[in-house]
Structure formats: C-alpha cells, structure tokens
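Enquirer: curious how this folds, go ahead:
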Amino acid sequence: MDLWQQSGCFEPGNITDAEAAVDADDVFYSEAKRGRRPGGVRAIWLEGAAYRGRPTRVFAWLGVPAGAQPRSLPGMVLVHGGGGTAFATWVHRWVKRGYAAIAIDTCGNLPRGEVYTKWVRHEQAGPPGSGGFDQVGENLADQWPFHAVAATIKAHSVLRSLPEVDPTRIGLTGISWGGFVTCLTAATDDRFRFAAPVYACGFYDQRVALAANGIVPDRRWLDAWDPANHLKFVRIPTLWTTGSNDFFFPLALWTRSHQLVPAEKTLCVKVRSPHSHVHGWRIREIEAFADTHCRGGRELCPLETPTIAGGRLQMPWPETPVATICYTEDAEVRINSMWKIRRVRMDGKDCLD
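Expert: Here you go, the predicted structure:
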C-alpha cells in the first residue's frame, strides 16, 4: 500500500491527448479486429509510475456519455487480460449503458500491431507483462504487478476527477490477468464502489496452466503478488465470475480465493464458459451488479446455501416458479468435471422435476 501511495497514483496527474499514437490503419478497437472506432471514445495518456528511475505513461481509451450533468454519471475502470490491450469497444459498451468508462493498457503497449503476439510498445513504457515472473529480481516498484495496479488506481483517480462523474459510484472489472490486477487493486484502493474480477483467483503456485507452460512462480513473487496474500484486505463488495471448467483458473482455487474476502461477495459461475476478453466483458451479471451498486438497481438474486437431505436438494428460494440447476456428480470439482443443467419447478424448499 505504501509503495502505491508513494507512486502518486492516487492523484489524477496530467492527462494528455494520445490521438497521434493511434492514427494508423492497424488500430485494434476490439479483441481481434480492426475497424471504425466506436463513437464517443478518445485516446489519452495517463502518468504512469516511475520505472527504473524514469517517468512512464499509460495508454488508455476514455469514454463519457454526451450531455451529462455534473456529478451525474457512474463510472467503470476496465483492465484487459493476458495478450490484450486497451479496447475501445469495451469502453463503448459501458458508455452506451450511461457510464463513463476508461480502459487502460497495463503492459506499455498501444492497440496496434499483431493481436496477442506483437503489440506496438511505446517509448515511455513501464515493464512488459503479463505476470512479470522473470522480473522477481527487480525492486518491487519495477515489477509488472506493481505497475499494473498503479495504472489501474491512476485510471480510477482520473475518472474521479472528471466533472461529470460521481466519484462515489465507480466500479472496477478485469479479465484473466486483468482479474488478477482487479484482486490486488480491490485490496489496495477502497475508493471503488465495487470490484468484479473475471476468471481470476490466487494460489498461483498450484495453477496447472502455469506448470503446463514450465512456469514455477518464485516464492518472492508469490509473497509479494499472489492474490491469496491480499484478498483478506478487500473491504468493498465483489462479484466473482468464472467458467465452471476454466483451465487457467480452476474452480477449486477460485473458490478458495473468494472465501478469503471478508467483505460482501456475490458469485457467478457460467457452465463451460469460454475464456476470452469478449466472453468476459459480455457477462450480464457484471452489468446488473454495477447497476445495483452504482444506480440503486435491483439486487442480483440472493440465494442461501443449499442442503441435501434424503437425496433431495433443499434451500429457501426467491419468488420465482422456475429455476435452472447446474450440478456435477463428481466427488471433487475438477477442470474436466462434467456439469449438468436441469430446469426445475420450485415448491417451497424442494426441487421437483
């Protein structure tokens, strides 16, 4: 916390125009396609944290609904995942919903070049990402996780400074590695109204996906950056979303992670949901959760923990006659567990075919 405070990221700093950086034919506005830029979205530079003693800057897309009155808008900070960058389409999706939104690049890149392989790095970039496992010998303030969180807090500070935005109604969401950043940021910046990490979790020393790629996180990295060591400090509401069979962040580790959060938390598991930016930003529950906390909207359906008695599933149920039950008959939840889906009618506490 002290390192991030010292970096100046809790202040908006100078915001400068970045249109010249994206004045090219190879700009990506969405995950994997070029095209015409969505309306109402502009390119800006934010001040980044110092890297090896020199200043850095962070590329971002910023969108604000037209004609907004002072302090009238809720806001969203959007953090991409591994191989991604700042996506204007993601910002535009929130602007259409009446939110001011900012999407940052956390790896020193521009949305130009070759998607997922060779983004164009700018001259004032910080450390490359994602993960920064090979940077563990550097000072903490020169490693990618520190810079990614600092950039996210800076984006929040910038959004709060806009005259149209209500600083008490700003949410945070990030996908995959962006979910990792969201976990750390939620534990550090309690000015956010809520946080919604997508796919992400802690316990990086137990992730099969890393081992499959020959990555064994150093104990120094785990001690400093593993969300499992930070989630106990989260004091804001969180929405945890993932896929039931996600390879990169297994459900068992995801469950252990959200259980560490002492604050209010809501869970959303999508059966066999693919792992991608587009699938991550299309999760409607995140939009509903944002409306709940930033617009006074209806709460997501609250459920109590079910019990199984006499081979029957029992639980108090909201006033709805039909529900969809998703379950596995495996003794342990695994990456390859088979999940089944049944629509059922509800009669009191009992599930009936």
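Enquirer: so L172, which of the three states?
Expert: strand (DSSP: H, G, I helix; E, B strand; the rest coil).
Enquirer: since we're on it, how many residues are nearby?
Expert: 29 (other CB atoms under 10 Å). Where you see a C-beta, it was placed from the backbone N, CA and C, and this is true even at glycine.
Enquirer: for S257, see how far away it is.
Expert: L172 sits 16 Å away from S257, going by CB to CB, to the nearest Å.
Enquirer: now E264
Expert: 16 Å.
Enquirer: likewise W281?
Expert: Applying CB to CB, the value for W281 to S257 is 21 Å.
Enquirer: do the same with A21
Expert: On the measure of CB to CB, A21 and S257 end up 36 Å apart.
Enquirer: the more surrounded of these two?
Expert: Higher neighbour count among A21 and S257: S257, with 22 against 18, using other CB under 10 Å.
Enquirer: quick check: chain neighbours aside, which residue is closest to the more buried one?
Expert: C201 (3.8 Å; CB to CB, 6 or more residues apart in numbering).
Enquirer: repeat that for T117.
Expert: Here the residue nearest T117, using CB to CB, 6+ apart, is G83, at 8.0 Å.
Enquirer: ok, that neighbour - contacts?
Expert: 115-117, 130 (CB atoms under 8 Å, 6 or more residues apart in numbering).
Enquirer: now, which of these sits nearest A43?
Expert: Distance to A43, by CB to CB, is smallest for V115 among those, at 17.7 Å.
Enquirer: the residue nearest to that closest one when sequence neighbours are not counted: neighbour count?
Expert: Nearest residue to V115 in three dimensions, chain neighbours excluded: A32, at 5.1 Å (CB to CB, 6+ apart). Close neighbours of A32, defined as other CB under 10 Å, add up to 11.
Enquirer: tell me which stretches of the stretch 51-200 of the chain form strands.
Expert: Ranges of strands in the stretch 51-200 of the chain, per DSSP state E, counting those that start in this stretch, are 54-63, 73-79, 100-104, 109-114, 118-121, 165-175, 194-198.
Enquirer: for the fourth one, name the packing helices and strands.
Expert: Packing partners of strand 109-114 (3 or more CB pairs under 8 Å, 6 or more residues apart in numbering; DSSP states H and E): strand 54-63, strand 118-121.
Enquirer: most neighbours per residue, which of those?
Expert: Ranked by average neighbour count under the criterion mean count of other CB atoms under 10 Å, the helices and strands packed on strand 109-114 are headed by strand 54-63 at a mean of 22.
Enquirer: who does that strand touch, helix- and strand-wise?
Expert: For strand 54-63, the packing partners by 3+ CB pairs under 8 Å, 6+ apart come out as strand 41-51, helix 88-96, strand 100-104, strand 109-114, helix 144-161.
Enquirer: cutoff 7 Å now
Expert: strand 41-51, helix 88-96, strand 100-104, helix 144-161 (3 or more CB pairs under 7 Å, 6 or more residues apart in numbering; DSSP states H and E).
Enquirer: what's the most buried one of the ones you listed?
Expert: Scoring those by mean count of other CB under 10 Å, the most buried comes out as strand 100-104, with a mean of 28.
Enquirer: please save the CA atoms from that one in PDB.
Expert: Taking Å, rounded to 0.1, in the frame of the first residue of the first chain, the C-alpha atoms of strand 100-104 are listed here in PDB:
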ATOM      1  CA  ALA A 100     -18.200   7.000 -18.000                       C
ATOM      2  CA  ALA A 101     -15.500   4.300 -18.700                       C
ATOM      3  CA  ILE A 102     -11.800   4.000 -19.100                       C
ATOM      4  CA  ALA A 103      -9.800   1.100 -20.400                       C
ATOM      5  CA  ILE A 104      -6.000   1.000 -19.800                       C
END
